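Asks: Structure, please.
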Amino acid sequence: MPSDANGPIDLVTFLEQEVLPRLDRATVFADLKPVDKGAYIQCNCPQCRQPRAYIYTDGYVLTCNRLNTCGYRVSILTYVSGGTPPRGRAFVAAVRQLADLAGVPFPDRAFGPQEVIRA
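Replies: Got it, this is the predicted structure:
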């Protein structure tokens with residue numbers, strides 16, 4: 001795991017600095033039939049099933065563009081966690097899953113209670 005002057009970085013920093021910049025959003029949402037549109041990826045909305053949801057290629061939130069009839073929004077972390085915002089150990093599992101999808105080795109260390117609780 002990368003470290004800074006204070007030692008190993010925490011799990012949130014690992015997610016933000018190592019995983020998300022390398023993560024292909026189309027891979028995360030592969031089950032929603034993603035289509036690369038350049039600066040963003042269009043796919044089916046998980047809620048209304050219409051092909052109007054989008055996420056920017058460097059974004060963190062999938063949004064349904066049918067704002068008046070659906071307007072569904074979900075973060076990448078919540079989506080991989082099955083629709084519930086992950087907390088504690090579920091957060092660790094979600095970060096591990098995203099790291100795998102991004103091809104980034106997950107840190108080989110236990111996370112202390114403060115890191116798990118903070119998430």
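
Asks: And the residue at minimal distance from the centre of the chain, its phi and psi?
Replies: Centroid check for the chain by Cα atoms, centre = their mean gives Ile76 as the closest residue, at 2.9 Å. Backbone torsions for Ile76, taken as degrees, to the nearest 10, come to phi -60, psi -50.

Asks: Go ahead and confirm it touches Leu98.
Replies: Yes: assessed by Cβ atoms under 8 Å, Ile76 is found in contact with Leu98 at 6.8 Å. (C-beta placed from N, C-alpha, C; glycine too.)

Asks: Could you tell me how far stretch 73-90 lies from the centre of the chain?
Replies: The chain centroid and the centroid of stretch 73-90 are separated by 8 Å, computed with Cα atoms, centre = their mean, to the nearest Å.

Asks: Flag every buried residue along that stretch.
Replies: Residues of stretch 73-90 classed as buried by neighbour count (16 or more other Cβ atoms under 10 Å): Val74, Ser75, Ile76, Leu77, Thr78, Tyr79, Val80, Ser81, Pro86, Ala90.

Asks: mind checking how far the second one is from Pro85?
Replies: It refers to Ser75. Counting by Cβ to Cβ, to the nearest Å, the gap between Ser75 and Pro85 amounts to 7 Å.
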